[in-house]
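Trainee: I'd like to go over a predicted model; first the sequence, then the structure.
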There are 2 protein chains.
Amino acid sequence: MSIPPSESLTESMPEQDRLVTLSNGTENSFAVNAKQEQILQGAMRVFLQGGYAGTSMDRVAAAAGVSKQTIYSHFQDKEGLFVALIERVTIRKFLIEFGPEPLQGEPAILLPKLAEVFFAKMSDQEYISLLRVIIAESGRFPELAQLYVRAVIQRGRGILGSYFASRPELNISDPEATAHIFFGSLVSFILSQEVLHGKHTTPIEKERLITSLVNLILEPRAASR
Amino acid sequence: MSIPPSESLTESMPEQDRLVTLSNGTENSFAVNAKQEQILQGAMRVFLQGGYAGTSMDRVAAAAGVSKQTIYSHFQDKEGLFVALIERVTIRKFLIEFGPEPLQGEPAILLPKLAEVFFAKMSDQEYISLLRVIIAESGRFPELAQLYVRAVIQRGRGILGSYFASRPELNISDPEATAHIFFGSLVSFILSQEVLHGKHTTPIEKERLITSLVNLILEPRAASR
DNA sequence: GTCTATAATTAGATAGAC
DNA sequence: GTCTATCTAATTATAGAC
């Protein structure tokens, strides 16, 4: 009646693992049991697809394969569920994005590789949808937007900025600003090509962007002289 | 009973002026009469604020100061109104953005100025909201996203790319890709600082970005040597 | 054309059985 | 804790008076 059997799959995960301070202090936003996991899985599909206002709790329930009341017994309301979901997805995504170890290696090797890895991570549909939703709801949920800025943008910029600073031969006067240019060019590429469907009308090879970008930072004139 | 007096303000504008092929072939998306103008003004405030699904027709009617039925007599449905509105705002914004004349002048003068002008245009709240909404609804309304890509992104990239190509002393092997880097860095700055509210947690001076960006394109090593 | 009033449907959230 | 059934409010869209 109380404890259902066979939940070893999620039970093996320790409950308290958070690395970032989240909004709802009372409840853990990460998966706690199988039912919450199931709800969040369903919620992810529909919320990333339809956004906050465009998704009904009925659809969430259907996608998760549970009743609405079950959702409301695990999350306070629609807003609480949405916030918990986006926090989770954002943090999950970027615990993997960059490891804790700083970047190292020859710039001519590292920078193109970094760009390729970045594109690889950002090119899957789930991540594109996440980006779209975070921007879409940044008016209604500014805290989620700021979480993304801190956990992802600021983090990436800091790591690459430190790398630039550790390479005096690159002669970069403002490493942080240059890191912004690097990632900003990549993000805006994803934005115009994938999020805004520009690749269907104006496809551009990502290699062209990477080559030009790396050339600018390394040896802007070496290519043609 | 039929023709209300004193509409000279909007009447002075010719009805057929479209420069881009729009989705609804039957009806002109630009302002046709005072009532449509009034509806679109109200719709702009609430749709840019709440997005498509997050805005009710009641709120549009209230914001425009008309009844719902009046809206439905001018636009087919909520979707038609939204599409007409976003098409209009997008095109209006960027008939002014770049003039038809190509860029010219010394790169060291032109590029910083171009960046400053770009920031000035993009920094007002209305434009930030437009950007947010277009990205937000790019899943539901891919045609609107593609209109934005063509009318704005592709256009800007082409103009700056042509300028780069006309300046062989810059030694730019891929002008188009470099133009993407230029505007992409600026857009992603607006995105992280304004749209995602990053300026409240990680403010960065836009002058730092402009300086680094221009330095990269012009004389990457000149600053410190 | 424009408004008020109203249909028909769907939304978020809860009650009560098990 | 979970489900079915239900309540109330809000939503899109339309009918009918003027």
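Mentor: Perfect, I can see it now.

Trainee: which residues touch residue A:44?
Mentor: A:85, A:89, A:126 (Cβ atoms under 8 Å, 6 or more residues apart in numbering or on different chains). Backbone N, C-alpha and C define where each C-beta goes, glycine included.

Trainee: And the residues you listed, which is closest to DNA strand D?
Mentor: residue A:85 (16.7 Å; Cβ to the nearest atom of the strand).

Trainee: Would you mind listing what in chain A touches DNA strand D?
Mentor: For chain A, the contact set with DNA strand D under Cβ under 7 Å from any atom of the strand comprises A:35, A:65-70, A:73-74.

Trainee: quick one: which of the residues you listed is nearest chain B?
Mentor: Among the residues of chain A next to DNA strand D, residue A:68 lies closest to chain B (Cβ to the nearest Cβ), at 19.1 Å.

Trainee: Spatially nearest residue to that closest one (excluding sequence neighbours)?
Mentor: residue A:61 (4.6 Å; Cβ to Cβ, 6 or more residues apart in numbering or on different chains).

Trainee: so that neighbour makes contact with residue A:71?
Mentor: Yes. Under the criterion of Cβ atoms under 8 Å, residue A:61 makes contact with residue A:71 at 6.0 Å.

Trainee: Generate a PyMOL selection restricted to the buried subset of the residues of chain A next to DNA strand D.
Mentor: Command for PyMOL that selects the buried part of the residues of chain A next to DNA strand D, burial taken from 16 or more other Cβ atoms under 10 Å in any protein chain shown:
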select buried, chain A and resi 35+66+70+74
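
Trainee: Quick check: residue A:57 vs residue A:76, distance?
Mentor: Here residue A:57 is placed at a distance of 12 Å from residue A:76 (Cβ to Cβ, to the nearest Å).

Trainee: ignore the last one, residue A:202
Mentor: 44 Å.

Trainee: These two - which one has more neighbours?
Mentor: Shown here are residue A:202 and residue A:76; by other Cβ atoms under 10 Å in any protein chain shown, residue A:202 has more neighbours (17 against 13).

Trainee: these two touch, right, the more buried one and residue B:152?
Mentor: No. In this structure, residue A:202 is not within contact of residue B:152 by Cβ under 8 Å, at 11.6 Å.

Trainee: Count the neighbours of residue A:167 for me.
Mentor: Using other Cβ under 10 Å, residue A:167 has 16 neighbouring residues.

Trainee: can you pull the buried residues of stretch A:164-177?
Mentor: Result for stretch A:164-177 [16+ other Cβ under 10 Å]: buried residues A:164, A:167, A:170, A:172, A:174-177.

Trainee: Just the mean pLDDT for it, thanks.
Mentor: Stretch A:164-177 shows a mean pLDDT of 96.

Trainee: Could you give the separation between the terminal residues of that stretch?
Mentor: End-to-end distance for stretch A:164-177: 10 Å, by Cα to Cα, to the nearest Å.

Trainee: so where's chain A shaky on pLDDT?
Mentor: Residues of chain A that meet the criterion pLDDT under 70 lie in A:1-32, A:96-97, A:220-225.

Trainee: how does it divide into domains?
Mentor: Using automatic domain parsing, the domain parsing of chain A gives A:8-90, A:97-224.

Trainee: what about the longest helix in chain A?
Mentor: Secondary structure of chain A per DSSP state H: the longest helix is helix A:78-97.

Trainee: Are that helix and DNA strand C in contact anywhere?
Mentor: Yes. With Cβ under 7 Å from any atom of the strand as the criterion, DNA strand C is reached by helix A:78-97 at A:78-79.

Trainee: Tell me which residues are up against the helix or strand just after that helix.
Mentor: Scanning forward in sequence from helix A:78-97 by DSSP states H and E, the next helix or strand is helix A:107-122. With Cβ under 8 Å, 6+ apart as the contact definition, helix A:107-122 has outside contacts at A:97, A:103-104, A:127-128, A:131, A:160, A:163, A:167, A:170, A:182-183, A:186-187, A:190, A:194, A:206, A:209-211, A:213-214, A:217-218.

Trainee: Only the buried subset of those, as a PyMOL command please.
Mentor: To isolate the buried ones among these in PyMOL, judged by 16+ other Cβ under 10 Å, type:
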select buried, chain A and resi 97+103+127+128+131+160+163+167+170+182+183+186+187+190+194+206+209+210+211+213+214+217+218
